[in-house]
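Participant: coords please:
(chains A and B)
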Amino acid sequence: MINFSRSLEPNNTMVIPTPFHERSFAANRRGHWTSWAGYTIADEYTHADLEYFAVRNQCGVFDLTPMIKYHISGVDAEAYLNKLFTRDIRKIKASQVAYVLFCNESGYTLDDGTLFKFSNSEYIFCSQDRHLPWLLDSAIGFDVEIKDRTDKIAALAVQGPTSAAILKRMGLDGIENLPPFQMQSFQYQRDDLIVSRTGFTGDLGYELWIDPYLAIKLWDDLFTCGQNYGIEPFGSKALEMLRIEAGFILPHKDFLPANHVIRVNRGRTPFELGYGRLVDFDKGFFNGRQALLKAQQNGPRYQLVGLEIDGNKPAYDAWIYQNKRKNVGTITSAMWSPSCKTNIALAWLDANAKTDNLWVDIYTNKELKWHKNMVSCKVVKRPFFNPARRNAVPALDF
Amino acid sequence: MSNQYDIIIIGAGLNGLVCANILAKKGRKVLVLEANKQVGGLANTREFASGFKVSAGAHLLYGLHPDIYRLCDVQESKIEFADKNISTLVINQNKEFINYSSGEDSQIIYSSSLSEQQNSDWSNFQNRMKTFSDILFDLANKTPPRLKNGSIQDYKTLFNTGLKLKRLDKQNLRQFLRIIGMNIYDLADESFTDNLQKAAICFESALGTRLGPRAPNTVYNWLNRYSIINRQPAGLSVPRGGIGSLSQAFANAALIKGVDISVSSRVEKILIADNQVKGVQLSGGEKFAARQVISNADIKKTMLSMVGPENIDTDVVRRVSYIPMQGTTAKMHLALNQLLEPITHNVSDFQSRIIYAPDADFIERASNSIKYNQYTHEPTFEITFPSVQDSSLAPAGKHVMSVLIPYVPYEHKEGWAQRKERFENHIIEQLEYIFPGIHAAIEHVETLTPADIERQFNITGGHWHHGEIGLERFMMLRPTAGFAQYKTPIDGLFLCGADCHPGGDLSGAPGMNAANTVLQSK
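Facilitator: Residues are numbered from 1 along each chain as shown, chains lettered A, B, ... in the order given. You can find the predicted model right below:
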């Protein structure tokens, strides 16, 4: 039996408030909201730059509840996930959180996400978009139960240098010893609080998963304990800056999920996304295997690269030129990085493009007069910003 | 029997046997594995009551592709036919009737009330349609083209089809484009004035599908069916000993060529390693090895059960799951202790194929209930009395009646376990109106709902085309995208059943085309 009913509270707004809404509403001094998966979350509480610096220098809290959470259980759970995802799920250990990709039959990426393993027969898969029909159809022939638990689990991202100290103060003993991509369950009130050392900021940070009835209590506890540690809520605008610095790719921006493209070949293979290491041909059949074998043979058509661009004007949506003449790619995400003090971008380059003598054209508007600037850039390694505290165990105490 | 073969064919249906013959003729070492005790699949004769035999699946032969006898070295002349060129008698509740010949130059033979004009309406209609059905027929024996392949053969098939369309004069081309996606009800309405003639055309077009005559696609279905009947020198026919003796003839021809045929051998798994077929495993655990496996089983059974979803992409699982394969037609076999009163006071009535369909609206109404998983209380029938032509099928003086009942759902909404007996009684009650006295003459009844056909003949849904047929499931779209040309996503695994182009009707064409595909593959 597969249960995919989601109970939504009767509501006369078009968006669903998250269990933290009472608090995030009070904190949102700008009144800037955005919608994610039907939920309303803060875009900016005060100013994206301030929130960004709170995460990089102190601690930021992001309402992660709209993250789509699928609970997958059953005796065939492991075999099922091994068909669904490109990497070998058998190698993931209990309490581990794994970054996963999944593809359609053409080998193009449908989405990425994180897989939380509780046991060989119980997992939670989190992704930005909804995928229930795909998950259910992939489950034909497998003894698994898939439930959308999105509205049954409230979630907060607690990110930044002082995050470990705040959680420790909140009573999560031993949190500093939790390694990256691991999770741990803590007793909180009379319930379980699951904490994973994961995040989308590329910094030291955690994600907290809890029953919605404890959401307000958790928010209050965090802000009380974080009072002297500079804790601030942050919205999706700041998150976008943080994730670009961390070099993470975002579906719909840096690549199009294969089920959203009209022209089939506008999809991207994991190889082209730079995640070839997450494709395991030795594990037996998985979705997209035959196409990916071919794709591997033929080699990628594009390469996703990080760019450092001269000057300080972000190269939004810019073309990339070889020797200022030949068009060899486009930029998908761009920003001035306050932490790196450089102008950075994520970009698609043709697979066979040379990586020297690259230029981007940046258009700037000076008092209603447009200037076209041909600016030199170079390919650099991602992540752009990668502090030692991100992966240090035990977590550093700031 | 060694367990290593060049090719294993799953299922000894007519297509499987045709395929085996053609491949063995080219020197391949072939094994045919059949789950049932008898070969033939739906082309089969069996005893359903002591001393009474019947063609348990198809009860008339009208679609066998003319090339197939030669390709399989089955001498048509050696197959004894109990009857050929069987005419069709369409009747209504007032015992009015028309009787027409099938096959080339179909004509009204006799009728209760047709005028001369109405008589010629019939032949005129057939002649007009022949031009169009010929185009479909020429496609039937060809592997559907795929442009993606860019093969010369595929372009040739497309080019020739295009050329044939182009050669139609302007008026015919317009007419073809106008009617091909249309419903048969309207076409019959504009072509005939007689209700029985309209009913005859409507009944033929919808037979075996879940479509009522007013549904789009029914003209295509009629043309498709007409295109093959039209090419049969024998028209509608039955071999002596029932349809099963035809399967036996193809099985014997295969055995002579060295094909191993193993009955009561149910394939449970198709063995695959690294997306390449390695062989098959029987339900008893026995394994047979081959680099190529051709499945005469339907695509759902083949891909979702024998190959298994764990070995195929979710997109493919989706496409295969979505194929409409629920059967629509029930079969009833009656053992009668005497022949019934002729309907038209003509003794040849019972040599005809009898269609009970008073008018086109009656058929349309009958088709309604299947949409709601119910059977109709006013059914139409196709009836044959095989023992009239072939006395070997029943004890002396006694007779067999074989009835097709269209628009019977695969799943009854209350469950067949609850409803089957009532269904059976209801059908007999209805038959009593047409053949007074039938109730008293019945010695034994066997009813096969689509669910029974599924179980007994191992066809998902029990559909006689292995799935609905129509323009959206035609040529390279049959059985579904990615499976055209008899190939599957698994290397070395092919399909040859009625779910492939051109479909069922005991044409043998899918088996023939699949064999050619396998011979051309590396």
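
Participant: wait, what's in contact with the residue of the stretch 1-150 of chain A found nearest chain B?
Facilitator: Residue of the stretch 1-150 of chain A nearest chain B, by CB to the nearest CB: A:Gly141 (3.3 Å). (C-beta placed from N, C-alpha, C; glycine too.) Residues near A:Gly141 by CB atoms under 8 Å, 6 or more residues apart in numbering or on different chains: B:Leu304, B:Gly308, B:Pro309, B:Glu310, B:Val317.

Participant: of these, closest to chain A?
Facilitator: Nearest to chain A out of the contacts of A:Gly141 is B:Pro309 (CB to the nearest CB; 3.3 Å).

Participant: so which elements touch the longest helix anywhere in chain B?
Facilitator: Secondary structure of chain B per DSSP state H: the longest helix is helix B:116-140. Packing partners of helix B:116-140 (3 or more CB pairs under 8 Å, 6 or more residues apart in numbering or on different chains; DSSP states H and E): strand B:108-111, helix B:152-167, helix B:170-179, helix B:195-206, helix B:218-229.

Participant: ok, residues contacting it?
Facilitator: For helix B:116-140, the surrounding residues in contact (CB under 8 Å, 6+ apart) are B:65, B:100, B:105-108, B:111, B:157, B:160-161, B:164-165, B:168, B:172, B:175-176, B:179-180, B:191-194, B:197, B:201, B:222-224, B:226-228, B:230-231, B:475, B:501-502, B:507, B:509.

Participant: that helix vs helix B:170-179, what angle?
Facilitator: 80 degrees (axes from the mean of the first three to the mean of the last three CA atoms, to 10 degrees).

Participant: now helix B:116-140: average pLDDT?
Facilitator: Per-residue pLDDT values over helix B:116-140 give a mean of 85.

Participant: next one: stretch B:200-209
Facilitator: Rounded mean pLDDT across stretch B:200-209 is 92.

Participant: any idea whether the residue of the stretch 1-150 of chain A closest to chain B is helix, strand or coil?
Facilitator: On the three-state scheme (DSSP: H, G, I helix; E, B strand; the rest coil), A:Gly141 is labelled coil.

Participant: over to it: give its phi and psi.
Facilitator: With angles defined as degrees, to the nearest 10, A:Gly141 sits at phi 90, psi 0.

Participant: and the pLDDT at A:Leu178?
Facilitator: Reading off the model, A:Leu178 has pLDDT 97.

Participant: apart from its neighbours in sequence, what residue is nearest it?
Facilitator: Excluding the flanking residues, the one nearest A:Leu178 by CB to CB, 6 or more residues apart in numbering or on different chains is A:Arg197, at 4.9 Å.

Participant: residues in contact with the one you found?
Facilitator: Counting by CB under 8 Å, 6+ apart, A:Arg197 makes contact with A:Leu178, A:Pro179, A:Pro180, A:Phe181, A:Gln182, A:Met183, A:Gly205, A:Tyr206, A:Ala395.

Participant: switch the cut-off to 7 Å
Facilitator: A:Leu178, A:Pro179, A:Pro180, A:Phe181, A:Gln182, A:Tyr206 (CB atoms under 7 Å, 6 or more residues apart in numbering or on different chains).

Participant: and if you look at B:Ile427?
Facilitator: B:Ile427 makes contacts with B:Met332, B:Pro379, B:Ile405, as judged by CB under 7 Å, 6+ apart.

Participant: spell out which parts of the stretch 51-200 of chain A neighbour chain B.
Facilitator: For the stretch 51-200 of chain A, the contact set with chain B under CB under 7 Å from any CB of the partner chain comprises A:Ala79, A:Lys83, A:Asn104, A:Glu105, A:Trp134, A:Asp137, A:Ser138, A:Ile140, A:Gly141.

Participant: before we move on, the earlier item: with respect to chain A, which of the contacts of B:Ile427 is nearest?
Facilitator: Closest to chain A, out of all of these and judged by CB to the nearest CB, is B:Ile405, at 32.2 Å.

Participant: tell me where the stretch 151-300 of chain A has helices.
Facilitator: With DSSP state H, counting those that start in this stretch, the ranges of helices along the stretch 151-300 of chain A come out as A:163-169, A:215-225, A:236-246, A:289-298.

Participant: pipe these into a markdown table and attach mean pLDDT, distance to A:Phe53 and mean neighbour count per row.
Facilitator: Listed next are those as a markdown table, based on pLDDT from 0 to 100; distance: least, CB to CB, whole Å; neighbours: other CB atoms under 10 Å in any protein chain shown:
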| stretch | mean pLDDT | distance to A:Phe53 | mean neighbour count |
| --- | --- | --- | --- |
| helix A:163-169 | 97 | 15 | 24 |
| helix A:215-225 | 97 | 18 | 18 |
| helix A:236-246 | 97 | 9 | 23 |
| helix A:289-298 | 96 | 41 | 16 |
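
Participant: surely B:Met306 is in a helix?
Facilitator: Yes. Applying three-state DSSP, one finds B:Met306 inside a helix.

Participant: ok, back up a step: among the contacts of B:Ile427, which one has the most neighbours?
Facilitator: Counting neighbours by other CB atoms under 10 Å in any protein chain shown, B:Ile405 leads those with 25 neighbours.

Participant: check contacts around the closest residue to it other than its chain neighbours.
Facilitator: Closest residue in space to B:Ile405, ignoring its immediate chain neighbours: B:Ala330 at 4.4 Å, by CB to CB, 6+ apart. Counting by CB under 7 Å, 6+ apart, B:Ala330 makes contact with B:Ile405, B:Val408, B:Thr447, B:Leu448, B:Thr449, B:Pro450.
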